[in-house]
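S.K.: What follows is a predicted protein model with its sequence.
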Amino acid sequence: MSTHSEAIDHRDGATTKTFVTVWFALLFMTVIEVFLAYMQPPVLVFLTALVGLSVIKAALIIAYFMHLKFERLSLFLTLFPMLILCIVLMLLIFMPDSNRLMLMRPQ
Amino acid sequence: MTSVWAGGRSPYAVNSKKFGMWLFIISDALTFSALLMAYTYVRLSTPNWPTPFQFSPAIIFSTVMTFCLLSSSLTMVMGVHAMNHGNRKAAVGWILATMAGGAAFVVLHMSEWLKLINEEHVTPFGNPWGVPLFGGTFFALTGLHMTHVVIGLIYLGIMAFAVGRGKFKAEDVEVSGLYWHFVDLVWMFIFPLVYLMSAKV
């Protein structure tokens, strides 16, 4: 019986308190984002802050809610480096081009 | 000494359903990345991009939607936790609470869409500001996300029904949870990039 409960504890990884803490952290970061939208900072500062906070929020969801922090490293390494590489490639290929289109517009 | 990759062992230490869901999530993440990239591309290359979201009520409204989705993620993880501890009754309750959060999100989102379509005359093909690509990319992105939420609600409905009848294991609930958290995760990018970046105070 004890081995059974041990297996369960191992699979669970985190406690209820951890989940509620992560939820509060996610809500707090959302409030900061909305506050920034209200303050209307310069576009580049705003965009950087929003993307930065969103990446942190995504990481928290993946690590704790989606349990990846408690999985084997091999699973993470199989899934995420490829995803990040593809996103970076899309960014590098398309974003300079969209800026070029803007600059090429007749004034 | 044999390696974990030499065969006869499970190198990821997860069951095949969970691994399959992870692979689906990664491919779906690429789909959403491409759509977000398309939205950003046309936004960057278009002068006079419209900012139709007034801080009050549109941004406050979408913040409430975000709250619903974030809270439904918390209830989902509690459901998985309950199921891991063999408490099926509690797991069903938590899954139903998750569905309530998801349903609230869909209702709020639909009312926001209808307001845009009926009052501001924004459609996927045109709008009063003469930037049709705004409607095209906005409805494609949020529409695909809402489709995922609706599919998630059906998925969780089936799970709640079956778990209540004593079917499915804890790992099956965990797999449905992975899908639900992913839907929440995608919104964490759509909300700031589409709504907050187009806020008008």
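M.R.: That came through, no problem. Numbering: from 1, shown residues only, chains lettered A, B, ... in the order given.
S.K.: Going by the annotation, which residue ranges form each domain of chain A?
M.R.: With domains defined by automatic domain parsing, chain A comprises A:1-71, A:72-107.
S.K.: With distance to chain B as new columns, can these be given to me in CSV?
M.R.: Bear in mind the C-beta positions are built from the backbone N, C-alpha and C, glycine included. Below are the domains of chain A laid out as CSV (distance: least, C-beta to the nearest C-beta, whole Å):
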stretch, distance to chain B
domain A:1-71, 4
domain A:72-107, 4
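S.K.: wait, which of those is closest to B:Ala199?
M.R.: Closest approach to B:Ala199 among those (C-beta to C-beta): domain A:1-71, 4.3 Å.
S.K.: ok, now which ones touch the residue nearest the centre of chain A?
M.R.: What sits nearest the mean C-alpha location of chain A, by C-alpha atoms, centre = their mean, is A:Ala58, with 2.2 Å. Listed by C-beta atoms under 8 Å, 6 or more residues apart in numbering or on different chains, the contact set of A:Ala58 reads B:185, B:188-189.
S.K.: Share the number of residues neighbouring the closest residue to B:Leu116 other than its chain neighbours, please.
M.R.: With sequence-adjacent residues excluded and distances taken as C-beta to C-beta, 6 or more residues apart in numbering or on different chains, B:Leu116 is closest to B:Val122, at 4.5 Å. B:Val122 has 23 neighbours, counted by other C-beta atoms under 10 Å in any protein chain shown.
S.K.: Test my guess that A:Ser98 contacts B:Met37.
M.R.: No - A:Ser98 lies out of contact with B:Met37 (C-beta atoms under 8 Å); the separation is 9.3 Å.
S.K.: now the helices: where do they sit in chain B?
M.R.: For chain B, the helices defined by DSSP state H occupy B:16-45, B:60-84, B:88-118, B:132-164, B:170-190.
S.K.: what's the weakest-modelled helix or strand in chain A?
M.R.: helix A:2-12 (a mean of 43; mean pLDDT, DSSP states H and E).
S.K.: which residue packs closest to B:Leu141, ignoring adjacent ones?
M.R.: B:Leu35 is the one closest to B:Leu141 (C-beta to C-beta, 6+ apart), at 5.0 Å.
S.K.: Repeat that for A:Trp23.
M.R.: B:Leu74 is the one closest to A:Trp23 (C-beta to C-beta, 6+ apart), at 4.3 Å.
S.K.: Could you point out the longest helix of chain A?
M.R.: From DSSP H, the single longest helix across chain A is helix A:73-104.
S.K.: Could you check the angle that helix makes with helix B:16-45?
M.R.: 20 degrees (axes from the mean of the first three to the mean of the last three C-alpha atoms, to 10 degrees).
S.K.: Thanks again, I'm all set now.
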